[in-house]
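Colleague: coords please:
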Amino acid sequence: MNNSILNANSLPVLEQVVSFAQKRHHILAGNIANLDTPDYKVKDLNLSKFQEKLLQAIQAKNEPNEPLSPGLSASRQGDPLREVTKNMEGMLFHDQSNVGIEQQVAALTKNQMMHDLALNIMENQIRLLETAISERL
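Modeller: Alright, predicted model coming up:
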């Protein structure tokens, strides 16, 4: 299958959302597991920072003549979307507040919903591509 077909739609963006959600899910689950650990500082991935990097990558992909921002580097294929979740530097932060289990479970649930939504959209995109390819043959 031609790689440009897969990159022409929203699949690369959804791939980054799923990857981010998986990494964040792991961190949030660790927070819940360590909630009773003395002096444990709650960790999370900054959703707004991720969204900012993703938007920059989308804009850079849509305007290939524009230089990438300092946080993003083009991959070998020249696709800035592939680099969004590769470098989590600056996205991880430690919360100094005493967050309870309710907040962690709520964050985990929201993250799971974001992950599931991205996977459902990806699945529909792939089905559409399969339908288009099978109709062509």
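
Colleague: so V13 makes contact with L55?
Modeller: No - counting by Cβ atoms under 8 Å, V13 does not reach L55; the two are 10.0 Å apart. All C-beta spots, glycine's among them, are computed from the backbone N, C-alpha and C.

Colleague: so those two - more neighbours on which side?
Modeller: V13 (19 against 12; other Cβ atoms under 10 Å).

Colleague: so which helix or strand takes in the more buried one?
Modeller: Element membership of V13 [criterion: DSSP states H and E] is helix 11-33.

Colleague: helices or strands next to that helix in the packing?
Modeller: If contacts are counted by 3 or more Cβ pairs under 8 Å, 6 or more residues apart in numbering; DSSP states H and E, helix 11-33 sits against strand 42-45, helix 47-62, helix 101-136.

Colleague: mind saving the C-alpha coords of it as PDB?
Modeller: What follows is helix 11-33, C-alpha atoms only, in PDB (Å, rounded to 0.1, in the frame of the first residue of the first chain):
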ATOM      1  CA  LEU A  11      -4.100   8.500  10.700                       C
ATOM      2  CA  PRO A  12      -0.700  10.100  11.600                       C
ATOM      3  CA  VAL A  13      -2.400  12.500  14.000                       C
ATOM      4  CA  LEU A  14      -4.500   9.800  15.600                       C
ATOM      5  CA  GLU A  15      -1.400   7.600  15.900                       C
ATOM      6  CA  GLN A  16       0.200  10.400  18.000                       C
ATOM      7  CA  VAL A  17      -2.900  10.800  20.200                       C
ATOM      8  CA  VAL A  18      -3.100   7.100  20.900                       C
ATOM      9  CA  SER A  19       0.600   7.000  21.700                       C
ATOM     10  CA  PHE A  20       0.300  10.000  24.100                       C
ATOM     11  CA  ALA A  21      -2.800   8.500  25.700                       C
ATOM     12  CA  GLN A  22      -1.000   5.200  26.300                       C
ATOM     13  CA  LYS A  23       2.000   6.800  27.900                       C
ATOM     14  CA  ARG A  24      -0.200   9.000  30.100                       C
ATOM     15  CA  HIS A  25      -2.400   6.100  31.100                       C
ATOM     16  CA  HIS A  26       0.800   4.300  32.400                       C
ATOM     17  CA  ILE A  27       1.800   7.400  34.400                       C
ATOM     18  CA  LEU A  28      -1.700   7.900  35.900                       C
ATOM     19  CA  ALA A  29      -2.000   4.200  36.800                       C
ATOM     20  CA  GLY A  30       1.400   4.600  38.600                       C
ATOM     21  CA  ASN A  31       0.000   7.600  40.500                       C
ATOM     22  CA  ILE A  32      -2.900   5.500  41.700                       C
ATOM     23  CA  ALA A  33      -0.600   2.600  42.700                       C
END
